[in-house]
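K.L.:
Here is the input, now give the coordinates:
(chains A and B)
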Amino acid sequence: MRGLWVVAVALASPVLAQGRSPSAELLLSESEAGRPGGRLVFALRSEPKTLNPVTAVDIPSREVIGRLMADLVHIDRQTQQTAPALAKSWRVSSDGRHYTLELRRGLRFSDGHPFDADDVVFSFGCYLDERNGSPQRDLLIVGGKPIVVRKLDAHRVTVDLEQPFAAAERLFDSNSMLPRHLLEKAQQEGRLAQAWGLGAAPADMAGLGPFRLKSYVPGDRLVLERNPHYWKVDRAGRPLPYLDEIVFLLVPSEDAQVVRFKAGETDLISRLSAANFAALARDPAAGRYRLEDLGPGLEYSFLFFNLNDLRGRLEAVSRKQAWFRQTAFRQAVSAVLDRDGIVRLVYQGRATSLATHVTPGNKLWVNRALPPPVRSLARARDLLARAGFSWSGEGALTDGGGTPVEFTIVTNAANASRVQMATVVQDDLRQLGMRVQLVPLENRALLDRVLQSHDYDAALMALASGDVDPTSEMNVWISSGPTHLWRLGASAPSAPGEKEIDELMRRQAVTLDPRERKRLYDRVQELVADNLPLIPLVSPNVLVGARPGLGNFRPAILDPYVLWNADELFWRP
Amino acid sequence: MSRRAGSTLALGALAAVHLAALAAGFLAPYDPTEQNRSLPYAPPARLRFVDAGGTFHLRPFVYPMAEQGPGSGVYGDDRRQAYPVHFLVPGAPYRFAGLLRGRVHLFGVDEPGRILLLGTDGFGRDQLSRLLHGAQISLFAGLTATTLALGVGWLLGTLSGFYGGWVDAALMRGSELFLALPWLYLLFAVRAVLPLSIPPERAFLLLVLVIGLVDWARPARLVRGVVLSARERNYVLAARGFGASDVYLIRRHIAPQTFGLLLTQAALLVPQYILAEVTLSFLGLGVSEPVPSWGNMLADLQHYHVLESCWWMWAPGLVLVPVFLAYYALSEALDRAGPA
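P.N.:
Numbering: from 1, shown residues only, chains lettered A, B, ... in the order given. Reported below is the predicted structural model:
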């Protein structure tokens, strides 16, 4: 069998470090060697719902759990490539269906209990168990079948896939390895989903991450302390992490977070809005912190029309669908939108206009051959005129049957940027003679209309991929996907471009040659830009800040933007 | 200042504010929905008499503003060209008091100059024009909702007080129910079930309708109290003895007793309902973009950076204070003047 061994570059030689067994195979960090000690304070937007890696969905939970836990293969947030973590190396069979992972030896959980292949098999069993309702479960189903994880010996496991899967290595990221010795009972009794809630005692928890739970004060803070059994060392051979403590404060709004950061009560801030970023940069005391604009992230905002198959329901909406279904209509809408205006007004210049759904932040996959969107009122009018639309004396757009073109745009009322964007869009469409109502809705009401009742004309929303790989976009672009927002629950593609996108997305997922995959995904982006099943608007920049003395601060555009290398962060003297 | 002078002043101020709202189209230099995307959050322009060269001009002028670096939010005057202010200039079309079409504005400057006396909002829309047009929505929401609430409250209160018995019991229990309702949440619920595609004008009407109809209970109970005591007066009993009908009794003898109360209540309720509109629009439940109201204009202040660095965005809030004070002064004057 032809195989490929991927060996950890960092694993030059096993390094000895205090508090670990001498034979432990530790990972050597290439980053700047720092100084141990100190604490880091970070504000969470809301209280984490749980500390259970199997059930966590919300961002705050994942932000905390990511510091407590570790995965087998990790996506390096900076290079966006996979890198060895708990697995020091892995081998893939020539047909791309079987992975053999070699675990680091001598590792211990944060409570001192040894880690081995049984924990790996147990962990994947938990993620795949339907009773636990884990959000990771869908990702671990490849080609319609769950992956199969088997133990070969104490330090080797194999993973079998139903079909070759291009992004298989990336599957392991963020699937935290769980301590079998602590959770097996709960799993057997079917109570795992309830385990490790926020009130869990620190003694009942253990992980392989750089930190472990120290204390939790409801509604106020969550404190993590250094894990003495962590499996990384720095260039000087000193054990990581450097920080003694990470304190997560609960600060419920972005504005309040900015005030706390400004006052020096927190050390890091992420997910800043452009307006607050500018306000902080203008502050006379700006020297007291370091602000970073990381450029476009992976979030893309877009306008889309209701293309659902309504089957006689919602008479008023289905009449308007006669316009929405016309590619020329959507192209005209796209042509008249002032994306640069959105960038300027809503994001103070800290965003990028998009022609397609892949943002320039996704350096590996974006199709650079696509021209940036150009605003042209003349082109928009021409497209509409050729599609049989005309203008009344007062400038109102009417379709071939004389019906004035009027529709509503729904968006999330709680998200100020979206409402602002929609206001710009509304004004732009007015120039085409379209009468557009803007309806900001409470988020749940919005999702209910878009996902369930399909009672809306058009919506302005945003999606952010968790990863750069195209497979993370499958749920959006496959016509039967759960996030195929504009046309949900479809059994088959309807529009011509849609069918080709379906095929391309399916093919790229099983193609193992990266260049060929890139070619396929480039074509997907072209089709999206031409047919506009959704109309891409802009991608906001990722904006973060930190105290200047924080060493190894290397924010990245992949989640979590600032804390991904918490194990390497340190305070300069 | 005497009390009389105080209430005259209050009345005068209110009349001026409402007239200004009626004539918003004429007084405002621009269309309140017109965006100027190169001037977001521009500060108020300074009206000048002395130019960069030190020469005095009798006709005031403004310098155009330019953002110093895109996204910086810092504006400076471009002193190369001055734009003198002209009066009665043609501009964007509007309707005077909602009826007469017009194009002439009280003042303005030549294009491409812009006169932004109260600065702009996040879309570069003229804040003064929005303030004036927003007054139409906010002030008239207050007046209309008050009329509705008092009308319904007066009718039910009178019926309840006059007939007593089971009518009274049913209506007053009903009013207690309405008093106990968490009205804000009720309005949330009502707004949520309304169809999406209601145009801003109709949304405004519905809003007023809901505010007015929910809040009839308090005036109804006050009116009932007055009616209860009025119907036992000797002249009412005498009229009844002479065979007067119920309608005659209410019209002739009872209703006049309640008018003083209604006026005082009106002066108290109007600001309360203006505030209700402001609250609802602030929360995004009221009048929707791009139509301005004081509430949705103030909603911008929910953002820290606006609150902190764009003081001109407070304008609707600052106008609310004197309007409320005037209304309360009026209510107090009415209370004192009314029958004890």
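K.L.:
Could you tell me which ranges of the chain sit under the pLDDT cut-off?
P.N.:
By default, I'm working from chain A. Scanning chain A with the threshold set as pLDDT under 70 gives A:1-23, A:286.
K.L.:
meant chain B, my bad for not saying
P.N.:
Low-confidence segments of chain B, defined by pLDDT under 70: B:1-2, B:70-71, B:97-98, B:191-192, B:196-197, B:284, B:338-340.
K.L.:
Would you mind listing what in it touches chain A?
P.N.:
Taking Cβ under 8 Å from any Cβ of the partner chain as the contact definition, chain B meets chain A at B:33, B:35, B:37-38, B:40, B:70-74, B:122-124, B:192, B:196-200, B:284, B:288-290, B:302-306, B:308-309. No exception for glycine: its C-beta is placed from N, CA and C like everyone else's.
K.L.:
And the buried ones among those, selectable in PyMOL?
P.N.:
Buried residues within the residues of chain B next to chain A, by 16 or more other Cβ atoms under 10 Å in any protein chain shown, are selected in PyMOL with:
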select buried, chain B and resi 33+35+40+71+73+122+123+124+196+198+200+284+288+289+290+303+304+305+306+308+309
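K.L.:
in chain B, which spans are strands?
P.N.:
Along chain B, counting by DSSP state E, strands occupy B:48-50, B:56-62, B:65-67, B:75-77, B:83-84, B:86-96, B:100-108.
K.L.:
what's across from A:Thr408 in the sheet?
P.N.:
On the basis of DSSP bridges, A:Thr408 is bridged to A:Gln437.
K.L.:
you'd agree it is up against A:Leu460?
P.N.:
No. Between A:Thr408 and A:Leu460 there is no contact under Cβ atoms under 8 Å: 10.9 Å.
K.L.:
For A:Thr511, which residues are in contact?
P.N.:
A:166, A:517, A:520 (Cβ atoms under 8 Å, 6 or more residues apart in numbering or on different chains).
K.L.:
What of A:Arg271?
P.N.:
Each residue near A:Arg271 by Cβ under 8 Å, 6+ apart is listed here: A:45, A:254, A:543-544, A:561.
K.L.:
Number of residues surrounding A:Pro228?
P.N.:
13 (other Cβ atoms under 10 Å in any protein chain shown).
K.L.:
Assumed it was part of a strand.
P.N.:
No. Using DSSP: H, G, I helix; E, B strand; the rest coil, the assignment for A:Pro228 is coil, not a strand.
K.L.:
B:Leu14 versus that one, what's the distance?
P.N.:
73 Å (Cβ to Cβ, to the nearest Å).
K.L.:
Name the nearest residue to the residue minimising distance to the centre of chain B, ignoring sequence neighbours.
P.N.:
By Cα atoms, centre = their mean, chain B has its centre lying nearest to B:Leu139, at 1.8 Å. Sequence neighbours aside, B:Ala21 is the residue nearest to B:Leu139 in space, at 5.2 Å (criterion: Cβ to Cβ, 6 or more residues apart in numbering or on different chains).
K.L.:
and that neighbour, how far is that from B:Gly12?
P.N.:
From B:Ala21 over to B:Gly12 (counting by Cβ to Cβ), the distance is 15 Å.
K.L.:
So for those two, which sits in the more crowded spot?
P.N.:
Applying other Cβ under 10 Å to B:Ala21 and B:Gly12 shows that B:Ala21 carries more neighbours, namely 20 against 11.
K.L.:
Isn't that one up against B:Leu132?
P.N.:
Yes. In this structure B:Ala21 lies within contact range of B:Leu132 using Cβ under 8 Å: 6.8 Å.
K.L.:
Report the beta-bridge partner residues of the nearest residue to A:Arg150 once chain neighbours are set aside.
P.N.:
Counting by Cβ to Cβ, 6+ apart, A:Arg150 lies nearest to A:Thr158, which is 5.1 Å off, once chain neighbours are set aside. Counting by DSSP bridges, A:Thr158 is bridged to A:Thr100, A:Arg150.
K.L.:
Dump the strands of chain B into CSV; add mean neighbour count as well.
P.N.:
Putting the strands of chain B into CSV (neighbours: other Cβ atoms under 10 Å in any protein chain shown) gives the following:
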stretch, mean neighbour count
strand B:48-50, 13
strand B:56-62, 13
strand B:65-67, 17
strand B:75-77, 14
strand B:83-84, 16
strand B:86-96, 14
strand B:100-108, 15
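K.L.:
would JSON lines of these with distance to A:Val148 be doable?
P.N.:
Formatted as JSON lines, those follow (distance: least, Cβ to Cβ, whole Å):
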{"stretch": "strand B:48-50", "distance to A:Val148": "79"}
{"stretch": "strand B:56-62", "distance to A:Val148": "74"}
{"stretch": "strand B:65-67", "distance to A:Val148": "60"}
{"stretch": "strand B:75-77", "distance to A:Val148": "64"}
{"stretch": "strand B:83-84", "distance to A:Val148": "76"}
{"stretch": "strand B:86-96", "distance to A:Val148": "69"}
{"stretch": "strand B:100-108", "distance to A:Val148": "75"}
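K.L.:
between these, which one is nearest to B:Val227?
P.N.:
With Cβ to Cβ as the measure, strand B:86-96 is the member of the strands of chain B nearest B:Val227 (41.7 Å).
K.L.:
got the angle for that closest one vs strand B:56-62?
P.N.:
Strand B:86-96 runs at 30 degrees relative to strand B:56-62, counting by axes from the mean of the first three to the mean of the last three Cα atoms, to 10 degrees.
K.L.:
list the helices and strands strand B:86-96 packs on?
P.N.:
helix B:24-27, strand B:100-108 (3 or more Cβ pairs under 8 Å, 6 or more residues apart in numbering or on different chains; DSSP states H and E).
K.L.:
Please tell me how far the residue nearest to B:Leu139 sits from A:Val476.
P.N.:
B:Ala21 is 48 Å from A:Val476, by Cβ to Cβ.
K.L.:
And for A:His113?
P.N.:
Here A:His113 is placed at a distance of 41 Å from A:Val476 (Cβ to Cβ).
K.L.:
now the strands: where do they sit in the stretch 151-300 of chain A?
P.N.:
Per DSSP state E, counting those that start in this stretch, the stretch 151-300 of chain A carries strands over the ranges A:156-160, A:211-217, A:221-226, A:232-233, A:245-250, A:268-269, A:290-296, A:299-305.
K.L.:
Including distance to A:Ser31, could these go into TSV?
P.N.:
Below are the strands of the stretch 151-300 of chain A laid out as TSV (distance: least, Cβ to Cβ, whole Å):
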stretch	distance to A:Ser31
strand A:156-160	29
strand A:211-217	17
strand A:221-226	17
strand A:232-233	10
strand A:245-250	18
strand A:268-269	17
strand A:290-296	17
strand A:299-305	27
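K.L.:
Which of the three states applies to A:Gln420?
P.N.:
For A:Gln420, the assignment made with three-state DSSP gives helix.
K.L.:
Next, the contact list for it, please.
P.N.:
Here A:Gln420 is in contact with A:342, A:345-346, B:122-123 (Cβ under 8 Å, 6+ apart).
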